[in-house]
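[1] predicted model and sequence follow; I will ask about them next.
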Amino acid sequence: MTGVTGRVDAAARGQTRIADRVVAKIAAQAAKEAVEERPADADAPRATVTVHRDTARVRVSLDLAYPCDIGRQCGAVRRRVAERVKALAGMEVPEVAVQVERLHRSGAGTAPEGSIR
């Protein structure tokens, strides 16, 4: 049995590569966590990423409840995705594009207040 007699420099050991699909799953989960009120019939958020070295550019597609402050919700998603990808994958996220696929009315199926049918 032979053993290693000396220490190997970090540069000679190689590097860890995190697959794009793993980063996409982290981003999708972070987007789900960031949305305050998810409609019951909403699809789960989806994310696609482009990774170059230690940088990830993320595109997230999601459904939101309506009415809501769409700008605030999208800002919360951007912040949460960037911080979770940084914390879990160690990648900088200079860009998070948020695409709202659908708006779901809150209380769908109920008549608006004050209306008579």
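    Here it is on my side, so go on. Numbers count the residues shown, from 1 in each chain.
[2] please count neighbours and contacts with C-alpha atoms only from this point.
    Fine.
[3] confirm that residue 68 sits in a helix.
    No. Counting by DSSP: H, G, I helix; E, B strand; the rest coil, residue 68 falls outside a helix, being coil.
[4] spit out the contact partners of it.
    Applying Cα atoms under 8 Å, 6 or more residues apart in numbering, we find residue 68 in contact with no residue.
[5] dihedrals phi and psi, it?
    phi -160, psi 170 (degrees, to the nearest 10).
[6] before we move on, what about residue 19?
    phi -60, psi 150.
[7] just give the number of residues close to residue 66.
    The local packing of residue 66 (other Cα atoms under 10 Å) involves 17 other residues.
[8] what's the neighbour count on the closest residue in space to it that isn't next to it in sequence?
    Take residue 66 and drop its neighbours on the chain: the residue closest to it by Cα to Cα, 6 or more residues apart in numbering is residue 105, 4.7 Å away. For residue 105, the count of nearby residues is 14 (other Cα under 10 Å).
[9] so what's residue 105 up against?
    65-67.
[10] so how far is residue 18 from it?
    Noted for residue 105: a distance of 38 Å to residue 18, by Cα to Cα, to the nearest Å.
[11] longest strand anywhere in this structure?
    What stands out as the longest strand in the chain, according to DSSP state E, is strand 92-105.
[12] point out where this protein drops to low pLDDT.
    Within the chain, the stretches with pLDDT under 70 are 1-5, 107-117.
[13] which residue is the nearest non-sequential neighbour of the residue nearest the centre of it?
    By Cα atoms, centre = their mean, the mean C-alpha position of the chain lies nearest to residue 27, the distance being 2.5 Å. Excluding the flanking residues, the one nearest residue 27 by Cα to Cα, 6+ apart is residue 81, at 5.2 Å.
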